[in-house]
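S.K.: quick one: sequence plus predicted model below, questions after.
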Amino acid sequence: MKHYVEFLEINSRGNLWKPCGDRGVMIIDGRLSQENAHAIASEEMLKRGFVDYSITKADSLRDI
């Protein structure tokens, strides 16, 4: 099972939504501690210009 980070942005109505494309999802190493995983996800979120993120465990991208 892999760990995925899904980034969120604000749409024109002010609601959070999951953007399309490869910038909106990142695979993260499941062997990392939760603290390190969140630190990496938070850093990438800011770098990519998103406002929030969630970390999900799934077998593939289709399952998230």
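M.R.: Cool, got the structure. Keep in mind that what you see is a predicted model, and the values were worked out from it rather than measured.
S.K.: which residues touch the helix or strand where Glu9 lies?
M.R.: If you go by DSSP states H and E, Glu9 is part of strand 2-10. The contact list for strand 2-10 (CB atoms under 8 Å, 6 or more residues apart in numbering) reads 16-19, 23-30, 37, 41, 44-45, 48-61, 64. Heads up, the C-betas are built off the backbone N, CA and C, glycines and all.
S.K.: now Leu16: closest residue in space, sequence neighbours ignored.
M.R.: Leu8 (4.6 Å; CB to CB, 6 or more residues apart in numbering).
S.K.: report how many residues lie close to that neighbour.
M.R.: Using other CB atoms under 10 Å, Leu8 has 17 neighbouring residues.
S.K.: for this structure, what helix or strand is lowest in average pLDDT?
M.R.: Of all helical and strand segments in the chain, the minimum by mean pLDDT, DSSP states H and E falls on strand 16-17, at a mean of 92.
S.K.: packing partners for that strand?
M.R.: Contacts defined by 3 or more CB pairs under 8 Å, 6 or more residues apart in numbering; DSSP states H and E place strand 16-17 against strand 2-10.
S.K.: mean confidence score for the strand it packs on?
M.R.: For strand 2-10, the mean per-residue pLDDT is 94.
S.K.: name every strand pairing with that strand and say which way it goes.
M.R.: strand 16-17 (antiparallel), strand 25-28 (antiparallel), strand 52-58 (antiparallel) (DSSP bridges).
S.K.: for the second one, what is the average pLDDT?
M.R.: Going back to what we said before, that points to strand 25-28. Here the average pLDDT along strand 25-28 is 94.
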